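# how would this look folded up:
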Amino acid sequence: MKTQDFTPLGSSKYWWLLLLAGILLIIGGFAYWFWPAAGFAVASLLFGWLLVVIGVVQLCVSAGRNRPKGWGWWLTGGIIDLFVGFLLVSNVFLAEAVLPYFLSFIFLYAGIMTFASGIARHGSSRWLYIINGVLLIIIGGIFLAGGYMQEMMMVSLLAALGFVYWGFIVSALALDIKPRPVE
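Sure, this is the predicted structure:
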């Protein structure tokens with residue numbers, strides 16, 4: 001069965017791994033939203049392991065035999081997510097001090113990638129990618145600007161909101177790269 005390529009990122013048979021990563025981001029974001037008193041230690045470990053899983057998924061998508069267009073973005077994102085995820089998991093004290101900056105870097109990268117994908121995209125849903133990219137860049141900027149405050153409640157709520165939002169974006173992207181049969 002032939003498939004039609006509708007997106008600038010192409011299609012991949014590993015779309016379901018990306019959907020799983022998006023669902024895990026949403027669940028982790030809501031868990032952090034409802035239990036912010038758990039502190040930065042739990043958040044850094046939770047999001048560190050989520051980033052490790054997401055990084056592995058991105059590397060699988062970029063390294064597949066039928067890798068999609070834009071595989072360099074997937075490879076770069078996977079390496080960055082693995083690096084940041086392992087930093088968050090390996091040293092809890094360091095992670096607590098720099099968690100807002102890690103989150104800022106991740107959201108800025110995801111925003112730039114989504115914005116660039118929206119610019120390269122053709123079709124009616126192009127503006128959704130552009131808006132999502134701008135919103136992710138704004139969330140990253142808020143973390144960057146507010147990171148020096150280190151107020152747990154502010155960072156907790158922003159992180160929860162950001163990861164839930166990012167989970168929905170990743171899930172929508174997974175459905176977008178799902179191979180579609182040609183009629």
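
# wait, doesn't G133 sit right on R121?
No. With contact defined as C-beta atoms under 8 Å, G133 does not count as touching R121 (10.8 Å). Glycine gets a C-beta too; all of them are placed from N, C-alpha and C.

# Now do the same contact list for G146.
Applying C-beta atoms under 8 Å, 6 or more residues apart in numbering, we find G146 in contact with 100, 154-155, 158.

# wait, L88
Contacts for L88 (C-beta under 8 Å, 6+ apart) come out as 44-45, 47-48, 51, 95, 99, 102.

# 10 Å instead?
40, 43-52, 94-96, 98-99, 102-103 (C-beta atoms under 10 Å, 6 or more residues apart in numbering).

# Same question for G133.
110-119, 169.

# Adding distance to W74, write these out as CSV.
Shown next, in CSV, are these (distance: C-beta to C-beta, whole Å):
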residue, distance to W74
A110, 12
G111, 16
I112, 14
M113, 9
T114, 13
F115, 16
A116, 13
S117, 11
G118, 17
I119, 18
I169, 15
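
# now stretch 23-42, how far from the centre of its chain.
Between the centre of stretch 23-42 and the centre of its host chain there is 15 Å, according to C-alpha atoms, centre = their mean, to the nearest Å.

# Other residues contacting that stretch?
43, 45-47, 49-51, 53-54, 57, 88, 92-93, 95-97, 99-100, 150, 152-157, 159-171, 174.

# out of these, which are inside helices?
Residues of the contacts of stretch 23-42 located in helices (DSSP state H): 43, 45-47, 49-51, 53-54, 57, 88, 92-93, 95-97, 99-100, 152-157, 159-171, 174.

# my guess is W49 contacts L82, does it?
No. W49 lies out of contact with L82 (C-beta atoms under 10 Å); the separation is 11.3 Å.

# And the pLDDT at I79?
If you check I79, the pLDDT there is 92.

# Give me the residue ranges of this structure where confidence is low.
Within the chain, the segments meeting pLDDT under 70 span 1-10, 37-41, 147-152, 182-183.

# okay, which residue is most central for it?
W166 (5.4 Å; C-alpha atoms, centre = their mean).

# neighbours around the closest residue to that one other than its chain neighbours, how many?
Distances taken as C-beta to C-beta, 6 or more residues apart in numbering place L25 nearest to W166, at 5.6 Å, with adjacent residues excluded. Each residue near L25 was counted by other C-beta atoms under 10 Å, and the total is 25.
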